[in-house]
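**Student:** I'd like to go over a predicted model; first the sequence, then the structure.
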Amino acid sequence: MTKRDLVVKIAKETGFIQNDVAVVVQKTLDHIAADLIEGNTIELRNFGVFEIKVRKSRKGRNPNQPKHEVVIPERAVVKFRAGKELKEAVEKLNPSRFK
């Protein structure tokens, strides 16, 4: 699903104009991104939690030159943890459907 698909679905369900829905969706995403960049955790009840985690520095190898090690520096990454309701709904899915 793309952002555009989401806007169209919401507009159909609510009867709002797609341009207005698109502005609200974009502003929502902008505020989530801005808060994450500031280091804040975003908790959306019944959906999940977005948070910044620090990935430790590690050694990596080029598969074409396995003897040559490269140091991969530590970095900040966005992590998502599914909320209880979302997690339970996903666990009920048939895994073969996604192969």
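**Tutor:** Right, received. Where do you want to start? Numbers count the residues shown, from 1 in each chain.
**Student:** who's in contact with stretch 23-30?
**Tutor:** By Cβ atoms under 8 Å, 6 or more residues apart in numbering, the residues outside stretch 23-30 that reach it are Lys3, Leu6, Val7, Ile10. The C-beta positions use only the backbone N, C-alpha and C, and glycine is treated the same way.
**Student:** which one of those is nearest to Val77?
**Tutor:** Lys3 (21.8 Å; Cβ to Cβ).
**Student:** can you give me the strands for the protein?
**Tutor:** For the chain, strands defined by DSSP state E occupy the ranges 42-44, 48-55, 58-62, 65-72, 75-82.
**Student:** ok, and for the shortest one, which residues are buried?
**Tutor:** Translated: strand 42-44. Neighbour counts using 16 or more other Cβ atoms under 10 Å place Ile42 of strand 42-44 among the buried residues.
**Student:** adjacent strands (with direction) for that strand?
**Tutor:** Strand 42-44 has the following sheet partners, assigned by DSSP bridges: strand 48-55 (antiparallel).
**Student:** likewise the fourth one?
**Tutor:** With DSSP bridges as the criterion, the sheet partners recorded for strand 65-72 are strand 58-62 (antiparallel).
**Student:** near Ala33, how many other residues are there?
**Tutor:** Each residue near Ala33 was counted by other Cβ atoms under 10 Å, and the total is 13.
**Student:** just the pLDDT at it, thanks.
**Tutor:** pLDDT for Ala33: 96.
**Student:** just use 51 as the starting number from now, easier for me
**Tutor:** Noted, 51 is the first residue going forward, which turns the last one into Ala83.
**Student:** how near is it to Asn90?
**Tutor:** As judged by Cβ to Cβ, to the nearest Å, Ala83 and Asn90 stand 11 Å apart.
**Student:** cool, Phe66 as well?
**Tutor:** Separation of Phe66 from Asn90 (Cβ to Cβ): 28 Å.
**Student:** looking at the protein, which helix or strand is least sure?
**Tutor:** Every helix and strand of the chain was ranked by mean pLDDT, DSSP states H and E. The lowest is strand 115-122, at a mean of 86.
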